[in-house]
Every structure is written in structure tokens, then in C-alpha cells.
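*Asks:* Structural data only, the sequence is not supplied:
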């Protein structure tokens, strides 16, 4: 018996890539994310909210949001795997 195998949760799709090069934005304060979503130009670039502090950025919108944050005096941290 092979004991190295782990039980898979129901619906597990191991080995299937669902998203590549997905850009996320994470903020320390949930109010900042609300402000970004309410902004007429930046709001449409946030296509899904994953939590109070994390949102998915529309493909191609990451650089634009980063420049807007820098212009507003924020210091975004960028992680490139």
C-alpha cells in the first residue's frame, strides 16, 4: 500500500492550471480597497474581490493601478515570482 498519497478534497483539480500571470492587489486597510473600487477609472480594473483586502486586477491593469497608487502617495510592494 502506498502511504505517501494524500486524500484529495472533493472536486480537487490537481495539475490543472486555472490562471496564469494573475495580478492581485492587497491592501492593509479595507477602506483603501473600497476607495479604489469606487474610483471611476480604477474601479473597473478590479474584476473580483477575494477578501476585504485582496482583489483581482483585470489583465493589463496592474501597471496602471500601481502608477495611480504611487501618484496618490502609497508605496505598493510588487512581487514577481
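*Replies:* Yep, that arrived. Please read these numbers as outputs of a predicted model, since none were measured by experiment.
*Asks:* The closest residue to residue 56 other than its chain neighbours: neighbour count?
*Replies:* Using Cβ to Cβ, 6 or more residues apart in numbering and skipping residues adjacent in sequence, the residue nearest residue 56 is residue 48, 4.2 Å away. Where C-beta positions appear, they are placed from N, C-alpha and C, glycine not excepted. A count of nearby residues for residue 48, using other Cβ atoms under 10 Å, gives 10.
*Asks:* So residue 48 belongs to a strand, correct?
*Replies:* Yes - secondary structure of residue 48 (DSSP: H, G, I helix; E, B strand; the rest coil): part of a strand.
*Asks:* Give me the pLDDT value at it.
*Replies:* We have a pLDDT of 93 for residue 48.
*Asks:* thinking it is in contact with residue 55, fair?
*Replies:* Yes - the pair residue 48 / residue 55 is scored as a contact, 6.6 Å apart, by Cβ atoms under 8 Å.
*Asks:* give me every residue that touches the most centrally placed residue in the chain.
*Replies:* Closest to where the C-alpha atoms of the chain average out (Cα atoms, centre = their mean) is residue 24, at 1.9 Å. Contacts for residue 24 (Cβ atoms under 8 Å, 6 or more residues apart in numbering) come out as 50, 54, 55, 56, 57.
*Asks:* State the number of residues packed around the nearest residue to residue 30 once chain neighbours are set aside.
*Replies:* Spatial nearest neighbour of residue 30, chain neighbours left out: residue 52 (4.0 Å); criterion: Cβ to Cβ, 6+ apart. Residues contacting residue 52 under the criterion other Cβ under 10 Å number 12.
*Asks:* Kindly report the same for the one 10 residues further on.
*Replies:* Taking other Cβ under 10 Å as the neighbour definition, residue 62 ends up with a count of 18.
*Asks:* Could you find the closest non-adjacent residue to it?
*Replies:* Spatial nearest neighbour of residue 62, excluding adjacent residues (Cβ to Cβ, 6+ apart): residue 23 at 3.9 Å.
*Asks:* how about the helices in this protein?
*Replies:* Here the chain has its helices, by DSSP state H, at 30-38, 62-71.
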